[in-house]
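Asks: Whatever this is, show me its structure:
(one chain, ligands or ions: 1)
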Amino acid sequence: MKYAILSDVHSNLEAFQAVLTDLAREKVDQTFFLGDIVGYGADPDQCIELLRGLTTFVVAGNHDWAVVGLTDYSYFNPLAKTAIEWTARTVTAAHQEFLKKLPLAQNYRNIALVHATPCEPEEWNYLLSLEEVHLSFQHHDRQICFLGHSHVPIAFKQDEEGQSSVLPDTTFTLRDSQRYIINVGSVGQPRDGDPRAAYGIYSRDDSCFTLKRVPYNIESAQEKIIAAGLPHFLAQRLALGT
Ligand SMILES: [Fe+2]
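Replies: Modelled structure (predicted):
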C-alpha cells in the first residue's frame, strides 16, 4: 500500500494542481489531507472542490475553522486575519458547510492524522521541543502520526526505550518497532526556505517515507493574490519559501 500525505494548501491552486499531477505518477492507494485547505491564497473554492474529489480523509486546520467561526483567530497576525476575513466573504455557502464539518483528527489503520498536535489539537500548538514531541507520542496510539501546521517538514521518532529524537533527514526507512511523528510541510506556502510545494509519500511495502518537492507556477499564484486585493506580502513570500 502506498499513501500520499498533503497539508496546508492555503488556497494556492497552482501549487495544489502541480502536486496532484506529480501524485498521479505515484499511483497511491489513498491520500490524506492534514488541514488548512484555505487561508492566504486567492482560490479557496477551487481548492476545496479539488480536495472533495480527492479524499474523505481530511482534518480541520486552524484557518479552515477560523473562516467558519469555529475557532478564535484574534491571535492571528494581521496578514493572516485579513486573509481569513477575505476568505470568509469569498467561499460559497456549500463550501463553508464542508469546512464546518471537518473533524480535528482521524485515524487510518496504523496512522493518526491531525493538523497541529495529537495532544489538544484544538489548541493549534506547535511542536517546539522534544518534551512536547514526547507528550504527543503519548496522545496517539498509532505507529505513525502525520501532521502539518508549521509548514516546515521535520520528522521525529520514538525508539524502543521510549526516547524521542529528531530524524536527521525527511526521507527515511521506518522500523516496525519504532513510532513516528512526521510533519509533511506545506503544499501552498512552504516556510523552510524552499519555495517548491512539499508533500509526503509513505510506502508500507518498503517501509519508506519520502518528502517530495514539486516546482509550480509561483508567478501565477502571486498575480491572483494581488488581483484579489490580498496583502502583497502573501504573494512575495511564496517566491521566498518563508
Ligand atoms: Fe497552515
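Asks: make it CA atoms for all contacts and neighbour counts henceforth
Replies: OK.
Asks: which element is Q96 on?
Replies: helix 93-100 (DSSP states H and E).
Asks: Flag every residue of this protein that's near the ion.
Replies: D8, H149 (C-alpha under 5 Å from the ion).
Asks: helices and strands of the chain: which one bottoms out on pLDDT?
Replies: helix 130-138 (a mean of 94; mean pLDDT, DSSP states H and E).
Asks: following it, which helix or strand shows up next?
Replies: strand 144-147.
Asks: Can you give me the neighbour number for Y108?
Replies: 10 (other C-alpha atoms under 10 Å).
Asks: list the helices and strands the helix holding Q96 packs on?
Replies: Taking 3 or more C-alpha pairs under 8 Å, 6 or more residues apart in numbering; DSSP states H and E as contact, the helices and strands that helix 93-100 lies on are helix 62-67.
Asks: Just the buried positions in the helix it packs on, please.
Replies: Going by neighbour count (16 or more other C-alpha atoms under 10 Å), the buried part of helix 62-67 is N62, H63, D64, W65, A66, V67.
Asks: distance of the residue lying closest to the last one once chain neighbours are set aside from the ion?
Replies: Just to be clear, that refers to V67. In this structure, V67 finds its nearest non-sequential neighbour in A88, 5.1 Å apart by C-alpha to C-alpha, 6 or more residues apart in numbering. Noted for A88: a distance of 16 Å to the ion, by C-alpha to the ion, to the nearest Å.
Asks: Can you name the next helix or strand after the helix holding Q96?
Replies: strand 105-108.
Asks: Okay, and F233 sits in which element?
Replies: Counting by DSSP H and E, F233 is part of helix 232-240.
Asks: ok, and what's touching that helix?
Replies: 40-41, 79, 189-190, 193-195, 218, 221-223, 225-226 (C-alpha atoms under 8 Å, 6 or more residues apart in numbering).
Asks: Could you give the number of residues near I154?
Replies: 20.
Asks: for A88, same thing?
Replies: 20.
Asks: what are the phi and psi angles of it?
Replies: Here is the backbone geometry of A88 (degrees, to the nearest 10): phi -60, psi -30.
Asks: Tell me the confidence at the residue of the chain lying at maximal distance from its centre?
Replies: Relative to the centre of the chain, the most outlying C-alpha is that of E161, 29.6 Å out, by C-alpha atoms, centre = their mean. pLDDT, E161: 96.
Asks: Wait, the residue nearest to V67 touches W65, no?
Replies: No - at 10.4 Å, A88 does not count as touching W65 under the criterion of C-alpha atoms under 8 Å.
Asks: returning to what we had before: list the buried residues of the helix holding F233.
Replies: L234, A235, Q236, R237, L238, A239.
Asks: any idea of the mean pLDDT for the helix or strand L50 falls within?
Replies: Element membership for L50, per DSSP H and E: helix 44-54. For helix 44-54, mean pLDDT rounds to 98.
Asks: Number the residues from 9 up from this point.
Replies: Noted, 9 is the first residue going forward, which turns the last one into helix 52-62.
Asks: Tell me who's in contact with I233.
Replies: Taking C-alpha under 8 Å, 6+ apart, one finds G49, A50, P239, H240, L242, A243 in contact with I233.
Asks: in what helix or strand does it lie?
Replies: helix 226-235.
Asks: Give me the angle between that helix and helix 240-248.
Replies: Comparing the axes of helix 226-235 and helix 240-248 via axes from the mean of the first three to the mean of the last three C-alpha atoms, to 10 degrees yields an angle of 170 degrees.
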